[in-house]
Every structure is written in C-alpha cells, then in structure tokens.
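*Asks:* quick one, what's the 3D model for this:
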Amino acid sequence: MTDTTIHTEKLTKHYGDVPALVDLDLDIAAGEIFGFLGPNGAGKTTTIRTLMDEIRPTAGTASILGMDTHERSVEIRRHIGYVPGDLSMYPNLTGRDTLTYFANLRGGVDWSHVEELRDRLGADLDKKVGDLSSGNRQKVGLIQAFMNKPEVLIMDEPSTGLDPLVQREFQKMMREVAAEGTTIFLSSHTLSEVQRVAHRVGIIRHGRLMTTEAVADLRSKAIRTVSIHFTEPVNASAFDGIPGVREATSLNEHVTLSFDGQMETLLKVVTERFHVLDITTQEADLEEIFLTYYQDEEVNA
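*Replies:* Sure thing, here's the model as predicted:
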C-alpha cells in the first residue's frame, strides 16, 4: 500500500457562513480500507459528495487516482464504485433492470460477476425496486458499486438495512477486493464493521479531521478493563498512583481496573505486592474508543 489513490489538500466546504468541512488533508493508499467516522452533521457526507463532484468545494483540492475530482470527474467515474448515503433508484424498474441501466452507462460489465454478487448478498433482482425492503434495495446498490470491479469504492453508510449475515458477507467482499488492490473509503455508523475491516480510521468532528490512526494503534491507546483475582482481599486504594490506572474497584479477592498504561508495568507492580491467581483483560472496541474520544473533545471544547 504505497501509491496514493485518494488525496485531499485543505479541502473546505461552507454552506453560507456555516463551515461543513474545514481544511481536510487526507492521503489514502491503494488497497487500503479507510474508515471515516463521525456523528451526524460532522462532515462525512459533505466530504464524500465533494469527492464525487456532486458539490463544489469552497477551497482546497481533491484527486482520485491522480485525477482532479472536478476537472476529470467523468473519467474518474469509470474507475470507481459508489454507494451514496441517500441511495435512490427508479422504483418501477426491477433490480436487474436497474443494474442493466448502470452497466450500460459503464460500457458493459461481466454478468457472471453480477450473478455471483447477487448470490453472495442474497439479492432479489426480479422484483421492482419500489417493492423491495430498504435492506434489499441496499443490496442492489452494493451490487452496482462492485459489479464493474472498480479501482476505488466510495461508500456512505453502505450497511444500512442489511441483516447481520449479509453484513458479514459484505465485509468479506470488502476484504477480498482490498487484497486485490481496490481502495475503499468507508463512511459508517456501524463501528463494529469498521473495526473488522478498516486498516485506518479518520475521526471527523464539526467538519475538522481530529485524528487519523491505524485501528490497531487506536485500540492500543484505549482504556481497557483489567480484572485481577488475588489469593486474599485487596483494597482498591492499593492501586492509587500506579501509572495508567484510571479507576479501581474491589470486591473481596477481586479488583477491576480501568487501565490505559503499559501492562508490563502493571504486572510488575501487582506481582511484587500481592499473590495473583488470575488476570484477564478486555480491550475496548472501536465504539468505546470513539465515544471516549468524543467525550474528551466535548470536555475540551
């Protein structure tokens, strides 16, 4: 993952006096799955719509595959798959008619690949789109994004309405195409999904990119829960002053810690002072990290 596929430089979008996106700098590599996280109104959809040249930036530039997203937007569309957050399709067309329409726009696709995608997602392509549930409409949207084997996938909340089994298959599809070199820009509220598939995440708040980090690095910095079982009762106050211990509670021989330090340090201190029977740790998942990060930002705002 060395070649930059998606690049933005000071990308900014104002709606009147309201800044929706401010000085966004991003570099996303070929074959990378990049998770874009933030609450409603944070600027995720504005970023995607600007990348897709659906709206024009107030300032800054963006490129996909080395092409300016405005000057060469038509050419870029030949190389990407796109799932908008407000996915809409002609209600009187069947799923198959809808895919045929998009295939013709792209100059044709391999229909055996389309049938494979249909089978994997369990999509019904014979019903009119207007008669499908939101989840089944989303399946059609995903097929049209993947069917031309794009070099770049840009998806805004693509798991909307999908049941857990289909979500799992969709995640597998993302990992497969990324392994083949496809770049994926994934905006999602399904944080467990991002955690499973993304290499890096960017967290956006009030239109500003707050951090960009590898998922593994974020998790290593997160507060984890440590449960320790001793041979005798231990008071929680014994853990006061140990680096990384945020909070400690005790119940007889059990102590539970909120901990964000080095486990090596904690283990050394604990085993020197007490007789330990068992230690278990539970790492924070991405949702907990995300919420903690936003709580901290609100406090500091």
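*Asks:* going forward, measure contacts between C-alpha atoms and count neighbours the same way
*Replies:* Fine.
*Asks:* what about dumping the CA coordinates of stretch 252-262 to PDB?
*Replies:* Extracted in PDB, the C-alpha atoms of stretch 252-262 (Å, rounded to 0.1, in the frame of the first residue of the first chain):
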ATOM      1  CA  ASN A 252     -13.100  -9.300  48.300                       C
ATOM      2  CA  GLU A 253     -10.400 -11.000  46.300                       C
ATOM      3  CA  HIS A 254     -11.400  -9.400  43.000                       C
ATOM      4  CA  VAL A 255     -10.200  -6.000  41.700                       C
ATOM      5  CA  THR A 256     -11.400  -4.400  38.500                       C
ATOM      6  CA  LEU A 257      -9.300  -1.600  36.900                       C
ATOM      7  CA  SER A 258      -9.800   0.900  34.100                       C
ATOM      8  CA  PHE A 259      -6.300   1.000  32.600                       C
ATOM      9  CA  ASP A 260      -4.600   2.700  29.800                       C
ATOM     10  CA  GLY A 261      -1.000   2.200  30.600                       C
ATOM     11  CA  GLN A 262       1.700  -0.400  29.900                       C
END
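*Asks:* buried set for it?
*Replies:* 254, 255, 256, 257, 258, 259, 260, 261 (16 or more other C-alpha atoms under 10 Å).
*Asks:* same check, this time on stretch 105-121
*Replies:* Per 16+ other C-alpha under 10 Å, stretch 105-121 contains these buried residues: 109, 114, 117, 118, 121.
*Asks:* surely the third one and residue 141 touch.
*Replies:* No: Residue 117 is not in contact with residue 141 according to C-alpha atoms under 8 Å; the separation is 11.2 Å.
*Asks:* tell me the contacts of residue 175?
*Replies:* residue 197 (C-alpha atoms under 8 Å, 6 or more residues apart in numbering).
*Asks:* phi first, then psi, for it.
*Replies:* Per-residue torsions, residue 175: phi -60, psi -40 (degrees, to the nearest 10).
*Asks:* check what pLDDT it gets.
*Replies:* Note on residue 175: pLDDT of 97.
*Asks:* pretty sure residue 261 contacts residue 241?
*Replies:* No: contact criterion C-alpha under 8 Å: residue 261 and residue 241 do not qualify, at 12.0 Å.
*Asks:* before we move on, back to that, adding distance to residue 92, secondary structure and pLDDT, write the buried residues of stretch 252-262 out as JSON lines.
*Replies:* JSON lines is the format used below for the buried residues of stretch 252-262 (distance: C-alpha to C-alpha, whole Å; DSSP: H, G, I helix; E, B strand; the rest coil; pLDDT from 0 to 100):
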{"residue": "254", "distance to residue 92": "63", "secondary structure": "strand", "pLDDT": "95"}
{"residue": "255", "distance to residue 92": "62", "secondary structure": "strand", "pLDDT": "95"}
{"residue": "256", "distance to residue 92": "58", "secondary structure": "strand", "pLDDT": "94"}
{"residue": "257", "distance to residue 92": "58", "secondary structure": "strand", "pLDDT": "93"}
{"residue": "258", "distance to residue 92": "55", "secondary structure": "strand", "pLDDT": "87"}
{"residue": "259", "distance to residue 92": "56", "secondary structure": "strand", "pLDDT": "88"}
{"residue": "260", "distance to residue 92": "55", "secondary structure": "coil", "pLDDT": "81"}
{"residue": "261", "distance to residue 92": "58", "secondary structure": "coil", "pLDDT": "80"}
